[in-house]
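Participant: Curious how this folds, go ahead:
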Amino acid sequence: MEGNDGMEYFTEQGASHREAIERVRAKYGDAAQILTQRVVRTGGVLGFFAREGVELTGYIRQEAAKEAANRKLDLEEEKRRLLASIQDRTLQEVLTEVRDLKRTVETYRPPEAEADHPNLKALDDLLILNEFTEPYRRGILDKVRAEFTLDALEDWDGLQDAALEWIGRDIAVVPGPASPGPRVFVLVGPTGVGKTTTIAKLAAIHKIGIGGLPPRDVRMITIDSYRIGAKQQIETYGDIMGVPTSCVETAEDLAKTIALYRDVDLILVDTIGKSPREAVKLAEMKQILDACGPRAEVHLAMAATTKATDMEEILRQFEPFGYHAVVVTKLDETNRLGNVISVLSQRRKPVSYLTDGQKVPQDIQPAAVPRFLLGLEGFKLDRDRIEEKFGSRRETRAEGRR
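Facilitator: Alright, predicted model coming up:
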């Protein structure tokens, strides 16, 4: 308010001296002069629950207030001039860029013939036929556009060969073990992908010594005591192959059993099939498997028939297990492998084994790039060229069943 002496007085309160000062400065600026300060009680009901605060009184110097107002006006004017200058420059820059763009559009002709070349469309159709994911297809087509001239695109066989070579390079394969053992091989994965049968196949090929492998002393352990018949199934396999089999339910039992088998070459651990959405149960199973020790190799079993989006979810949900590689199962149940190749390439996951049937031990083999490539539909496949570049005939025997 204004006093008789032409001075403007004020009173401000705050919860603390600092808060009161900040309010004064915010309202009146540097023109404010503090006269008094006192402690007051504010708030409350009927005198109760009131809180202490600080009240400041003072006055405003008129000359200082006018100077501050003038400075504010000058600052606003300077801001307007600066903004107008920036807007003028920006408009000129935009106009210049528009003119440059117009000239570029008028003089530039995109390679429409290359972009719309029928062989590019035909290649994309082949990738779609094999159920490669859209991002993977786009990557292959972008590489073609970058590396093939318009004349080279006319060579349909050469275009297919190049695409197959790029796809083959994207398939990572785990080499066999450097030494015969001892190893602890743990197989995890969702329900219904054939983990128990795969464990039995692995036990058989290592026990007998199939495919150039030396015969080994093998043991099987299962923690799948919940699924009806699971224990009996793996024990039956063990009896037929002469492989001792144990069933455990706790981490303590698992650790004791592995310690008991410490002198054998290979211990194969079958696990409970869990949906990747059962996060709690997956965590419980991981706690049990931790008893296998840090040297255990964890492999993730995943069916080739799984949709690409579901594969991505399975890979992500089982990531906490730190799986070493992926075992691709049920290749005999699909003629489309693009989904597997696309997802594993995107997630940079290698493949250790492939299974393509229920027969033990015939329907399993170490992962090999030609097995994927020779299983692709619609491509003109040069078997000799593929095997020379990526592997041997022995590794690709199963593709003949398609």
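Participant: got the CA coordinates for the helix or strand hosting residue 166 in CSV?
Facilitator: Using DSSP states H and E, residue 166 maps to helix 156-170. C-alpha atoms of helix 156-170 as CSV (Å, rounded to 0.1, in the frame of the first residue of the first chain):
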residue,chain,number,x,y,z
TRP,A,156,18.7,-64.0,-61.2
ASP,A,157,20.9,-67.0,-60.2
GLY,A,158,23.7,-64.7,-59.1
LEU,A,159,21.2,-62.6,-57.0
GLN,A,160,20.0,-65.8,-55.3
ASP,A,161,23.5,-67.0,-54.6
ALA,A,162,24.4,-63.7,-53.0
ALA,A,163,21.3,-63.7,-50.9
LEU,A,164,22.0,-67.3,-49.7
GLU,A,165,25.6,-66.3,-48.9
TRP,A,166,24.5,-63.3,-46.8
ILE,A,167,21.9,-65.5,-45.0
GLY,A,168,24.5,-68.1,-44.3
ARG,A,169,26.9,-65.6,-42.8
ASP,A,170,24.1,-64.5,-40.4
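Participant: Just after that helix, pick out the following helix or strand.
Facilitator: Toward the C-terminus, helix 156-170 is succeeded by strand 183-188 as the next helix or strand (DSSP H and E).
Participant: in this structure, which spans are helices?
Facilitator: With DSSP state H applied, the chain shows helices at 17-28, 62-107, 112-115, 118-129, 134-147, 156-170, 195-208, 230-241, 251-260, 279-289, 308-317, 338-347, 369-373, 383-390, listed in chain order.
Participant: Just put the ones you listed in TSV and tack on distance to residue 42.
Facilitator: Every residue, glycine included, has its C-beta placed from N, CA and C. What follows is the helices of the chain, written out as TSV (distance: least, Cβ to Cβ, whole Å):
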stretch	distance to residue 42
helix 17-28	11
helix 62-107	28
helix 112-115	74
helix 118-129	73
helix 134-147	63
helix 156-170	71
helix 195-208	71
helix 230-241	73
helix 251-260	62
helix 279-289	52
helix 308-317	56
helix 338-347	62
helix 369-373	78
helix 383-390	82
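Participant: Let's have the ones you listed in JSON lines, adding mean pLDDT and mean neighbour count.
Facilitator: JSON lines is the format used below for the helices of the chain (pLDDT from 0 to 100; neighbours: other Cβ atoms under 10 Å):
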{"stretch": "helix 17-28", "mean pLDDT": "84", "mean neighbour count": "15"}
{"stretch": "helix 62-107", "mean pLDDT": "64", "mean neighbour count": "10"}
{"stretch": "helix 112-115", "mean pLDDT": "44", "mean neighbour count": "11"}
{"stretch": "helix 118-129", "mean pLDDT": "94", "mean neighbour count": "16"}
{"stretch": "helix 134-147", "mean pLDDT": "94", "mean neighbour count": "14"}
{"stretch": "helix 156-170", "mean pLDDT": "94", "mean neighbour count": "17"}
{"stretch": "helix 195-208", "mean pLDDT": "89", "mean neighbour count": "24"}
{"stretch": "helix 230-241", "mean pLDDT": "81", "mean neighbour count": "17"}
{"stretch": "helix 251-260", "mean pLDDT": "92", "mean neighbour count": "16"}
{"stretch": "helix 279-289", "mean pLDDT": "82", "mean neighbour count": "15"}
{"stretch": "helix 308-317", "mean pLDDT": "93", "mean neighbour count": "17"}
{"stretch": "helix 338-347", "mean pLDDT": "95", "mean neighbour count": "22"}
{"stretch": "helix 369-373", "mean pLDDT": "93", "mean neighbour count": "25"}
{"stretch": "helix 383-390", "mean pLDDT": "88", "mean neighbour count": "15"}
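Participant: To residue 56, which of the ones you listed lies closest?
Facilitator: Among the helices of the chain, the nearest to residue 56 by Cβ to Cβ is helix 17-28 (4.8 Å).
Participant: counting contacts, what elements does the closest one pack onto?
Facilitator: In terms of contacts (3 or more Cβ pairs under 8 Å, 6 or more residues apart in numbering; DSSP states H and E), helix 17-28 is packed against strand 8-14, strand 32-42, strand 51-60.
Participant: Tell me what angle that helix forms with strand 8-14.
Facilitator: Orientation note: helix 17-28 sits at an angle of 140 degrees relative to strand 8-14 (axes from the mean of the first three to the mean of the last three Cα atoms, to 10 degrees).
Participant: now helix 17-28: how far from the chain's centre is it?
Facilitator: Helix 17-28 has its C-alpha centroid displaced from the chain centroid by 52 Å (Cα atoms, centre = their mean, to the nearest Å).
Participant: got the CA coordinates for it in PDB?
Facilitator: C-alpha atoms of helix 17-28 as PDB (Å, rounded to 0.1, in the frame of the first residue of the first chain):
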ATOM      1  CA  HIS A  17      13.200 -15.900   6.700                       C
ATOM      2  CA  ARG A  18      14.600 -17.100   3.400                       C
ATOM      3  CA  GLU A  19      11.100 -17.900   2.000                       C
ATOM      4  CA  ALA A  20       9.800 -14.400   3.100                       C
ATOM      5  CA  ILE A  21      12.800 -12.700   1.500                       C
ATOM      6  CA  GLU A  22      12.300 -14.700  -1.800                       C
ATOM      7  CA  ARG A  23       8.700 -13.600  -1.900                       C
ATOM      8  CA  VAL A  24       9.700  -9.900  -1.400                       C
ATOM      9  CA  ARG A  25      12.400 -10.100  -4.200                       C
ATOM     10  CA  ALA A  26      10.000 -11.900  -6.500                       C
ATOM     11  CA  LYS A  27       7.300  -9.200  -6.100                       C
ATOM     12  CA  TYR A  28       9.300  -6.000  -5.700                       C
END
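Participant: can you list contacts of it?
Facilitator: Contacts with helix 17-28, where a contact means Cβ atoms under 8 Å, 6 or more residues apart in numbering, come from 10, 12-14, 32, 34, 37, 53-56, 58, 60, 65.
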